[in-house]
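> Could you work out the structure for the sequence below:
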Amino acid sequence: MRQSNLFDEAAEPERAKPLDADPSFPSRVYRLALLIPPGKVTTYGTIAAVLGDRRGARMVGWAMSNCPPEVSDVAHRVVNRYGELSGGWAWGHPDVMKQLLVDEGVTFVDEYRVNLDKHLWIPPMEEEIEPPDW
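Next comes the predicted model:
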């Protein structure tokens with residue numbers, strides 16, 4: 001008899017559900033990411049805290065690295081707690097992620113660190129979020 005493990009649920013295709021109907025942690029992350037306005041960024045830890053898991057920054061990073069196409073258009077707006085482009089290799093090189101942010105008007109304090117004082121966006125609490133209009 002086959003034992004189940006933590007990854008069984010993740011292995012099954014869930015992408016058929018619209019994000020607003022899916023209560024999974026990744027879908028909750030994606031709903032928040034879609035709200036980040038152009039020219040702003042938020043952090044993995046901020047998203048985790050809004051979702052009620054203050055220590056879940058790595059899970060947010062994992063979710064963002066596996067995001068569906070409709071979220072990948074805004075994934076560059078999520079950075080680490082220092083404002084660094086820690087997910088930059090998802091685009092082949094951090095320069096690509098940086099250019100996407102620069103094109104939106106985001107400024108940097110050094111080569112790969114966003115000026116969080118100017119561009120940090122704090123999401124609303126999850127219960128205040130309207131579902132996306134798909």
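
> Asp117 - that's part of a helix, no?
Yes - applying DSSP: H, G, I helix; E, B strand; the rest coil, one finds Asp117 inside a helix.

> Distance check, it against Trp89.
Distance, Asp117 to Trp89, using Cβ to Cβ, to the nearest Å: 26 Å. Where C-beta positions appear, they are placed from N, C-alpha and C, glycine not excepted.

> These two: who's more crowded?
Remark: of Asp117 and Trp89, Trp89 carries more neighbours, 12 against 9, as counted by other Cβ atoms under 10 Å.

> Which stretches in the protein count as helices?
8-11, 25-33, 44-50, 57-65, 69-72, 94-103, 116-119 (DSSP state H).

> Go ahead and name everything in contact with the fourth one.
By Cβ atoms under 8 Å, 6 or more residues apart in numbering, the residues outside helix 57-65 that reach it are 25-26, 29-30, 33, 43-45, 47-48, 51, 53, 71, 75, 78, 80-81, 86-87, 90.

> rerun that using 10 Å as the cut-off
10, 24-30, 32-33, 42-51, 53, 56, 71-72, 74-78, 80-81, 86-87, 89-90 (Cβ atoms under 10 Å, 6 or more residues apart in numbering).

> Done for today, thanks.
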